[in-house]
Each structure stands twice: as C-alpha cells, then as structure tokens.
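K.L.:
how would this look folded up:
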Amino acid sequence: QLVESGGGLVQPGGSLRLSCAASGFTFSSYVMRWYHQAPGKERDLLATITSTGGSTNYADSVRGRFTISRDNAKNTVYLQMNSLKPEDTAVYYCAAGRFDVNVNLRLDYWGQGTQVTVSS
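P.N.:
Below is the predicted model:
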C-alpha cells in the first residue's frame, strides 16, 4: 500500500513537499516513481529513484525544480517541489516497481493520489 500526503494549495513560485508512505512490501527493494495527472490529460512520469536512492532521473519539465528522495528506514519517498507553476496543478501519485527478467520496470503498487493546486 502507498499513501501520499502533503498536497494542497500553493502560490506560484512556492514550494511543497509530498510524502508517500509504503507498507505491506519490502520498500527498500523497489524503484519508486512520482507521476502527476492534470484534468483531461495523461498521467506523466516526473521522477524516478532507484531502490538504494543512489540514482535519480527527472522529466525535463521538472528537472532543477523538483527533487525525489527516499528514506528506506521510514519506508517513505518524497518529492520536494520548488518554484511551482500553475501548470504543475495536478493529482500527484507515487508508484513502486521492480525490474522483470527483461529489465522492464513493472509497477506493482500505486497510491491514491494527492491534489496539488498552484494558483494565486
């Protein structure tokens, strides 16, 4: 199970930190991702972090503004979002996955999402 928190209303240029708490599986064995989905649009991948936290990757739209991190002792992954823009308004989801034998990432768990609204 994954449970996101930390969403809310923030002004343009502001910051938010999202959290995603995991339970019921071996969190430290899973790659973690953050996605967002705006109304009427597809769900977009924002950031990925490896199981150890040693490597991260970002979508061009958030690179330099968002930071993904994880605390395996707390079974939690975070998304620090800075310099927020109105176009960042969306529901934010975390997901957990593992690589299969063909080195494809299979997402096994999804959170329920948390709303982020960037508006003045």
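K.L.:
for this structure, which strand is longest?
P.N.:
In the chain, taking DSSP state E as the definition, the longest strand is strand 90-99.
K.L.:
List of residues touching it?
P.N.:
2, 4, 7, 18, 20, 22, 25, 27, 29-38, 41, 43, 46, 77, 79, 105-116 (CB atoms under 8 Å, 6 or more residues apart in numbering). Where C-beta positions appear, they are placed from N, C-alpha and C, glycine not excepted.
K.L.:
Could you pull up the mean pLDDT of that strand?
P.N.:
Averaging pLDDT along strand 90-99 gives 96.
K.L.:
cool, stretch 52-61 as well?
P.N.:
95.
K.L.:
got a list of what Gln112 touches?
P.N.:
2-4, 93.
K.L.:
Send me stretch 45-54 as PDB with only the CA atoms.
P.N.:
Taking C-alpha atoms only, stretch 45-54 is exported to PDB below (Å, rounded to 0.1, in the frame of the first residue of the first chain):
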ATOM      1  CA  LEU A  45       6.200  10.500 -15.200                       C
ATOM      2  CA  LEU A  46       8.000  13.100 -13.200                       C
ATOM      3  CA  ALA A  47      10.800  11.500 -11.300                       C
ATOM      4  CA  THR A  48      12.400   8.100 -10.500                       C
ATOM      5  CA  ILE A  49      14.700   6.900  -7.700                       C
ATOM      6  CA  THR A  50      16.400   3.600  -7.500                       C
ATOM      7  CA  SER A  51      15.900   1.200  -4.600                       C
ATOM      8  CA  THR A  52      19.000   2.400  -2.800                       C
ATOM      9  CA  GLY A  53      18.500   6.100  -3.600                       C
ATOM     10  CA  GLY A  54      21.800   6.100  -5.500                       C
END
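K.L.:
tell me which residues of it are tucked away?
P.N.:
46-49, 51 (16 or more other CB atoms under 10 Å).
K.L.:
Could you identify the most distant pair in the residues you listed?
P.N.:
Leu46 and Ser51 (18.2 Å; CB to CB).
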